[in-house]
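**Q** the following comprises the amino acid sequence and a computationally predicted model.
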Protein chains: 6
Amino acid sequence: MGFLVIKMDKKCILIIAAHPDDEIIGVGGTIVKHVKNGDEVYLSIVTDGVFAKYFGQDKFQRLKERKMDCLKVAKYLGIKKVFFHSLPDAKLDTLPQIELNRLIENEIKKIKPNIVYTHHWNDLHRDHRLVFEATMVATRKNVQEVFCYEGLGLSNINGGVQQFVPNTYIDISKELKKKLKAMSYYKSMLKQFPNPISVEALEVLAKVRGIQSGLMAAEAFVCIKRIIK
Amino acid sequence: MGFLVIKMDKKCILIIAAHPDDEIIGVGGTIVKHVKNGDEVYLSIVTDGVFAKYFGQDKFQRLKERKMDCLKVAKYLGIKKVFFHSLPDAKLDTLPQIELNRLIENEIKKIKPNIVYTHHWNDLHRDHRLVFEATMVATRKNVQEVFCYEGLGLSNINGGVQQFVPNTYIDISKELKKKLKAMSYYKSMLKQFPNPISVEALEVLAKVRGIQSGLMAAEAFVCIKRIIK
Amino acid sequence: MGFLVIKMDKKCILIIAAHPDDEIIGVGGTIVKHVKNGDEVYLSIVTDGVFAKYFGQDKFQRLKERKMDCLKVAKYLGIKKVFFHSLPDAKLDTLPQIELNRLIENEIKKIKPNIVYTHHWNDLHRDHRLVFEATMVATRKNVQEVFCYEGLGLSNINGGVQQFVPNTYIDISKELKKKLKAMSYYKSMLKQFPNPISVEALEVLAKVRGIQSGLMAAEAFVCIKRIIK
Amino acid sequence: MGFLVIKMDKKCILIIAAHPDDEIIGVGGTIVKHVKNGDEVYLSIVTDGVFAKYFGQDKFQRLKERKMDCLKVAKYLGIKKVFFHSLPDAKLDTLPQIELNRLIENEIKKIKPNIVYTHHWNDLHRDHRLVFEATMVATRKNVQEVFCYEGLGLSNINGGVQQFVPNTYIDISKELKKKLKAMSYYKSMLKQFPNPISVEALEVLAKVRGIQSGLMAAEAFVCIKRIIK
Amino acid sequence: MGFLVIKMDKKCILIIAAHPDDEIIGVGGTIVKHVKNGDEVYLSIVTDGVFAKYFGQDKFQRLKERKMDCLKVAKYLGIKKVFFHSLPDAKLDTLPQIELNRLIENEIKKIKPNIVYTHHWNDLHRDHRLVFEATMVATRKNVQEVFCYEGLGLSNINGGVQQFVPNTYIDISKELKKKLKAMSYYKSMLKQFPNPISVEALEVLAKVRGIQSGLMAAEAFVCIKRIIK
Amino acid sequence: MGFLVIKMDKKCILIIAAHPDDEIIGVGGTIVKHVKNGDEVYLSIVTDGVFAKYFGQDKFQRLKERKMDCLKVAKYLGIKKVFFHSLPDAKLDTLPQIELNRLIENEIKKIKPNIVYTHHWNDLHRDHRLVFEATMVATRKNVQEVFCYEGLGLSNINGGVQQFVPNTYIDISKELKKKLKAMSYYKSMLKQFPNPISVEALEVLAKVRGIQSGLMAAEAFVCIKRIIK
């Protein structure tokens, strides 16, 4: 059984994010932890993350900046490689879903991850839900552990509808500081508290997830599937 | 429609709590807000809150202390009157449910509240769930607004099962300080963070609920029923 | 806290409906109530409501008629202004969702409503679900109260799947008559009972919602979000 | 397959009700229909239905009256036999659940019903939920069709919690009149509309369930289990 | 009431499947049973079932083969007629949903089925969900019984999300053998156990559904709607 | 992060079962796996498992036999120690829930397990649900991994209500044979297939769970909580 035997080998981790900064919000502390443990962490950014909000010449500049920010974050956290797929931001629903499915299937064939982290199915952002669906299709055969990470903003305000109910907590007491620092690299995205896209917001959420799990700080996940051989 | 016309009259508020300190955790800031608005706030404490954990002579001493703490909190917050029913702590399931239903029905007949705040149905603590059920029965005819408040501790760790999904947020930006102070009066109950029964835990939860509602600090509720005449 | 202080100011109300007549079915009595209270009520009709069923030259005639009916209803109820967006009826899924999101975001920026009424997420009609989703995105920051209204027809026959579970009831005992009269203006839409698009159907539903809330007649809603400052 | 072959044999029907009048509210029209079809209908009344509300000498008088009313209704509808078990009204939770399970198991062994109608699991009334649970246990092996019927009152006001979502509708267009007449026999129970325990309430509910199923009047059920041999 | 009176007339059955072989997996034994009972069974295959996986000249060959397999299965089982609609496989989301709705509406107008079997709403395969939605729209007025059948593969691995919870079991003890034989006709689709698309997988699933219903072998369904006149 | 570092230390496992044989049905193969890995496995049997069905002198004989069977199974599987608590079978609801909570809390204090396996919350058997609840209370602070195992019989026939939706699969391809052999030791409990308490039933369920996870045979679990330090 996986969690019982001696493990000397490194794990291979794939994080799938619709937009740059989703990865740091949902799984930033856990990335640091994986890297500490010698695991190889790959990040797949599905959309350009920019073109829905920026227009004219400006948008190419913004695209370049956001990629640079993301690469800086990736380097700081120790991510091995970032794949930018540059599908249209906030418009994943304009593609046949099968294209998104295949993009992620190919990523998984290439990287052969032991663990995949993806968006949660109940996120208000359509892109996030479609990435979740594609991940479910793409991981149904060859991946042994799949987790949904938390989106601080939209996934928590979809009131009335079923929400993010975590079943897994990862201790990031020692990684929180680095997570918050990394977040600050997305300077152009950052807002003032109580906006969810703020450093303080990440910090208090980590503490609340800690309270629920008896830890000083935690990231919370929904484990969708775990196969123990 | 209730929320549209001029209202000069005071509201009458009933808060139902299984144990002393549940009221401050779930609805402390909102109590302050109601009092500021000139509403009359009543607090009904269903169990003794002590006898499940304390034995021998000691337990009567503890009972006295906890009541005193509660009265101090009530006074500090401006609660008009506290009703102690002293049913057996952590043993509400040993009573016929009809007795609990009637106790709360009688309270409601006496107080005639406009708004009732009670526990949430999915709390891990059996006492809390039974108080919820009794409130539902007791308020089904004569009360126009019923809210479930949040329990910081147990209600949030009942993983896997449907959780607390708020549909109402009350701004307590200006009341948070008083809420935290009041919590500190339950000295013998307080633990160290990240224990949920700690002042810091209340503070970070208020901030997370604020993030979700665009406020500096908030208390979150599930509105079960609201009848607008 | 909103519901506690004296309110002299008028509320601004926005009702979002996929098709003309959804507004009267779901929220007709409540519109009358708002108008009585001096509130400003705006109605946003998202689709043309016609082109999915009518073809050839006929369809422009029908479009004109249905708009006329809607304006007559609006005038009779006291609605201040109707916005016709004329997106393709029964084909909202052929648009990028972001266009629908922006259409409603712009409406909200312009009107600045205090309360928004929209479709319910579990309606069988795809247009209705997409309007719900767009409303959720568009109201996530600036609107304090969002309600889903009931669709008498399709939303109630989506058996097996989670249904419309109201948490808010608005007394329309005195407004029911006017609601039914208004419905009769949509002459070309009306069918015979037990068809849900009939005056008698609206009447019995209002009574059942009344039974559940202790009123002679009511409209039922799911409150998605209410922020009380 | 049951619904495909020629059926000359009569069906045997068991209706389980916590209190006299639950059967008429939930399944009155359907009883008439079964009787018309030559089926044998048995009614099992689990509690005395009286002692929770009446005290002193009076209560025995009331018990006698309510039984008499129930027998009158049963005779009028054509029910073959009523079994009064007289367990304590509104206090089924004071019995070990196994006693209730066995009572219903024995009933089922004796009557050998083809179809069982029982309460719904999400009813606010504890007695109703416990009868549902006992029915589930008792029917798990030997009964082929189990339906939950609707409770007009409490089961519909348990707002916020999962509700009665029917998947079966039985046409009672021709039986409604007899159902309403039968209800009127429970004279002492009847209240004024909009109280759910009123003849008009039963009538409008039947019409709403009709609207949903394209019928002039219907009773709605949740089919829990149907085994087709 | 349908299940009570003598029935000499044949039933008309429509099975809707996104891809050839879905029908045998979900409803193969039940088809045999219907045919035995003299019912007329029609099969509607929505997509080509091939073009998402095969390319070049090869794909037309595959399409031809798969149709031939399907017709062979249909003949073997006694299905009266198969309708191939050849919409694009794995790309139903690229069509306006209204086209799919109308395709199935027309099928239903033509065939006038008493019972419809369709996919389940929570299947991971997008085509399956869209076919479910279209069936719900198309059957909302004129069909009395609608069932969702089970997909052995994807519908069961959508972990974390609400799953297939059957309320109807059909005894296929005597039909299982023929079902398995029919499955073997889809030679090119078949995989080795434990792949869900294998003869042994169908066999063990039939046994597990049998265990749950006290039968040697069964097919399980979710009854969405049943109207009993 | 727990699952990443080298682990030389043995795990300590606690399995909580209401009745002897629940452990083998739900977690038999996984026990074998843990023992192979050198983990210490403890089994806690909450009720006597006999007195609800056997009476007179006979019942003490049966109690003795069932304990003997359980010890034989435990020895065969390599379980280190079995704790028999002998609470009243099928009557756990007659105890104050706090007693059950404390019994399990004490067990956990004594054994200090890393992983706890318990019943599922949606099991039809009341004893099972109460053991689940007590486990949730007892493990809320000090246990890092809690899983619900599957009950073949009752937990799967509670149609209409939310069911067992696994998120964790443990490969028992090599342990299945030993699991089935162990089951056969409960000779007096065994029934004929398709009764769920039969060796063949366990075998086909293991295969279906295998199909879902790409394994030859598996046991399925709901991970309630997993804290990764």
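**A** Perfect, I can see it now. Numbering: from 1, shown residues only, chains lettered A, B, ... in the order given.

**Q** dihedrals phi and psi, residue A:173?
**A** Main-chain dihedrals, residue A:173, degrees, to the nearest 10: phi -50, psi -40.

**Q** any idea of the pLDDT on it?
**A** We have a pLDDT of 98 for residue A:173.

**Q** now it. Nearest residue, chain neighbours left out?
**A** Nearest non-adjacent residue to residue A:173, counting by C-beta to C-beta, 6 or more residues apart in numbering or on different chains: residue A:216, 4.0 Å away. Using the backbone N, CA and C atoms, a C-beta is placed for each residue, glycine as well.

**Q** same question, residue A:112
**A** Looking at residue A:112 with C-beta to C-beta, 6+ apart, the closest residue is residue A:12, at 6.2 Å.

**Q** which outside residues touch stretch A:86-101?
**A** Applying C-beta atoms under 8 Å, 6 or more residues apart in numbering or on different chains, the contact partners of stretch A:86-101 are A:18-19, A:46-53, A:103, A:125-127, A:130-131, A:133-134, A:137-138, C:96-98, E:52, E:90-91, E:93-94, E:126.

**Q** mean confidence for it?
**A** 96.

**Q** end to end on it, go ahead and measure it.
**A** With C-alpha to C-alpha, to the nearest Å applied, stretch A:86-101 spans 15 Å between its terminal residues.

**Q** quick one: buried residues of that stretch?
**A** By 16 or more other C-beta atoms under 10 Å in any protein chain shown, the buried positions in stretch A:86-101 come out as A:87, A:88, A:89, A:90, A:91, A:92, A:93, A:96, A:97, A:98, A:100, A:101.

**Q** before we move on, what about stretch A:168-181?
**A** Buried, per 16+ other C-beta under 10 Å, within stretch A:168-181: A:168, A:169, A:170, A:171, A:172, A:175, A:176, A:178, A:179, A:180.

**Q** go on, stretch A:12-20?
**A** Neighbour-count burial for stretch A:12-20 [16+ other C-beta under 10 Å]: A:12, A:13, A:14, A:15, A:16, A:17, A:18, A:19, A:20.

**Q** can you redo those residues as TSV with pLDDT and secondary structure?
**A** Conversion of the buried residues of stretch A:12-20 to TSV gives the following (pLDDT from 0 to 100; DSSP: H, G, I helix; E, B strand; the rest coil):
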residue	pLDDT	secondary structure
A:12	97	strand
A:13	98	strand
A:14	98	strand
A:15	98	strand
A:16	98	strand
A:17	98	strand
A:18	97	coil
A:19	95	coil
A:20	94	coil
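
**Q** for the residues you listed, which one is nearest residue E:73?
**A** Looking at the buried residues of stretch A:12-20 and their distance to residue E:73, the nearest is residue A:16, at 38.5 Å (C-beta to C-beta).

**Q** partners of residue A:44 in the sheet?
**A** Beta bridges link residue A:44 to residue A:16, residue A:83 when assigned by DSSP bridges.

**Q** which strands and helices sit next to the biggest strand by length in chain A?
**A** In chain A, with assignment by DSSP state E, the single longest strand is strand A:218-228. If contacts are counted by 3 or more C-beta pairs under 8 Å, 6 or more residues apart in numbering or on different chains; DSSP states H and E, strand A:218-228 sits against helix A:22-36, strand A:145-149, strand A:168-171, helix A:199-213, strand F:168-171, strand F:218-228.

**Q** next, give phi and psi for residue A:198.
**A** Dihedral angles of residue A:198 (phi, psi; degrees, to the nearest 10) stand at phi -150, psi 150.

**Q** okay, now the closest residue to it other than its chain neighbours: neighbour count?
**A** Excluding the flanking residues, the one nearest residue A:198 by C-beta to C-beta, 6+ apart is residue A:191, at 5.3 Å. Residue A:191 sits with 12 neighbouring residues when counted by other C-beta atoms under 10 Å in any protein chain shown.

**Q** list phi and psi for residue A:191.
**A** Backbone geometry at residue A:191, expressed as degrees, to the nearest 10, gives phi -120, psi 180.

**Q** now, which of the contacts of stretch A:86-101 lie within helices?
**A** A:103, A:126, A:127, A:130, A:131, A:133, A:134, A:137, A:138, C:97, C:98, E:126 (DSSP state H).

**Q** so what's the last one up against?
**A** Read it as residue E:126. Listed by C-beta under 8 Å, 6+ apart, the contact set of residue E:126 reads A:97, A:133, E:90, E:92, E:93.

**Q** any figure for the gap between it and residue E:50?
**A** Note on residue E:126: its distance to residue E:50, by C-beta to C-beta, to the nearest Å, is 17 Å.

**Q** now the fourth one
**A** Relative to residue E:50, residue A:130 is positioned 25 Å away (criterion: C-beta to C-beta).

**Q** please apply the same query to the third one.
**A** Taking C-beta to C-beta as the measure, residue A:127 and residue E:50 are separated by 30 Å.

**Q** what sits against residue A:188?
**A** Residues near residue A:188 by C-beta under 8 Å, 6+ apart: A:62, A:65, A:66, A:69.

**Q** now with 7 Å, please.
**A** Listed by C-beta atoms under 7 Å, 6 or more residues apart in numbering or on different chains, the contact set of residue A:188 reads residue A:65.

**Q** and the direction of the helix ranked longest in chain A versus that of helix A:22-36, what angle?
**A** Looking across chain A with DSSP H, the single longest helix is helix A:58-77. Relative orientation of helix A:58-77 versus helix A:22-36 (axes from the mean of the first three to the mean of the last three C-alpha atoms, to 10 degrees): 20 degrees.
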